[in-house]
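S.K.: Dropping the sequence and predicted coords here.
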Amino acid sequence: MRCFYSLIALMVAGSLAAAGPSSRLPKPYSPVPITRPPASHDASFVEFRAEFAAAAKSRVYARLAALVRKQDFFWGHDFGRFDPRKPAVDNLALAIALEHDNGAGWDKLAAFAADPAVELLDSRPGVVCAPARPGYNGVAYAKLLDLTYTDALEWAYPRADATPVHAAPEPSAAMIGTLGPAFVWLLGFAGPDSEPDPGGKLWARIAMPDGRTGFVAPGSLMALTAERLCYAKDPIDGWRIAGFIAGGN
């Protein structure tokens, strides 16, 4: 059975029920460009990311625990699951479902470690989070939502420039266009309705600026409200994982 998932499943960490596709027919729109954030040039952070990547690849819990800040670890959008009595690494493991689905959480950590760009977290001084969100014209973006009668949950942006768009949700399907560095109208996902992580594993159905619809490969898109991993630099221990922010508003 194949169905289309709502964009909410991409924004909120892989646990919400899927819904049907939008009943609206997409229409042409003027794309709003994004500016990709620069990579961090902090040498100590680059070194930490390499250590973090090695720990994620090893899948050794003790190596991960050594990289998590033991005090003041936070979990944003925890839906009541955060337990301050537990070690910080246990809360992190629960937040990202570390060992579920054959250890998919370790792959998620590896992806975080590979992201070189971070942004300051306004609510917590000294904390930075990845992935960093792109720059864009807020007025133009708001106008885009108004003209298309959509909300922010229906828009994403490609992880890479020149992202291929296919006529069907399979790699052998004809390529009908490419996505550049701009917001794209996300209509849903194609795949089994039991998939807990549609954004990472299913082809996304999108509307291109000219109104044509197509599909992009799994994991090709990002959302402004995507989940983020956060870091802080301790004067003694150096960089450590300081928190996790689940996807969603």
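M.R.: That came through, no problem.
S.K.: From now on I want contacts and neighbour counts done on CA atoms only, so please keep to that.
M.R.: OK.
S.K.: Now for the residue lying closest to L67 once chain neighbours are set aside, how many residues are close by?
M.R.: Excluding the flanking residues, the one nearest L67 by Cα to Cα, 6 or more residues apart in numbering is R240, at 5.2 Å. By other Cα atoms under 10 Å, the residues close to R240 number 22.
S.K.: what's the distance between R240 and E170?
M.R.: As for R240, its distance to E170 is 39 Å (criterion: Cα to Cα, to the nearest Å).
S.K.: any idea which helix or strand comes after the helix or strand of the chain at the bottom of the mean pLDDT ranking?
M.R.: Within the chain, judged by mean pLDDT, DSSP states H and E, the helix or strand with the poorest mean is helix 8-11; its value is a mean of 37. Remark: after helix 8-11, the chain's next helix or strand is helix 43-58, criterion DSSP states H and E.
S.K.: Going by contacts, tell me the helices and strands next to that next one.
M.R.: The helices and strands touching helix 43-58, judged by 3 or more Cα pairs under 8 Å, 6 or more residues apart in numbering; DSSP states H and E, are helix 61-65, helix 100-114, strand 238-245.
S.K.: what does it contact?
M.R.: Helix 43-58 has contacts (Cα atoms under 8 Å, 6 or more residues apart in numbering) with 40, 63-64, 67, 106-107, 109-110, 113-114, 116, 238-240.
S.K.: Only the buried residues of it, if you could.
M.R.: Using 16 or more other Cα atoms under 10 Å as the test for burial, helix 43-58 gives 45-46, 48-49, 51-56.
S.K.: By neighbours, which of the contacts of helix 43-58 wins?
M.R.: Counting neighbours by other Cα under 10 Å, the top entry in the contacts of helix 43-58 is W106, with 25 neighbours.
S.K.: Mind putting the buried residues of helix 43-58 into CSV with distance to M175?
M.R.: Converted to CSV, the buried residues of helix 43-58 look like this (distance: Cα to Cα, whole Å):
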residue, distance to M175
F45, 39
V46, 37
F48, 39
R49, 35
E51, 38
F52, 37
A53, 34
A54, 36
A55, 38
A56, 34
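S.K.: And the furthest pair within these?
M.R.: Within those, F45 and A56 form the most distant pair, 16.1 Å apart (Cα to Cα).
S.K.: L144 falls within a helix, correct?
M.R.: Yes. Under DSSP: H, G, I helix; E, B strand; the rest coil, L144 falls within a helix.
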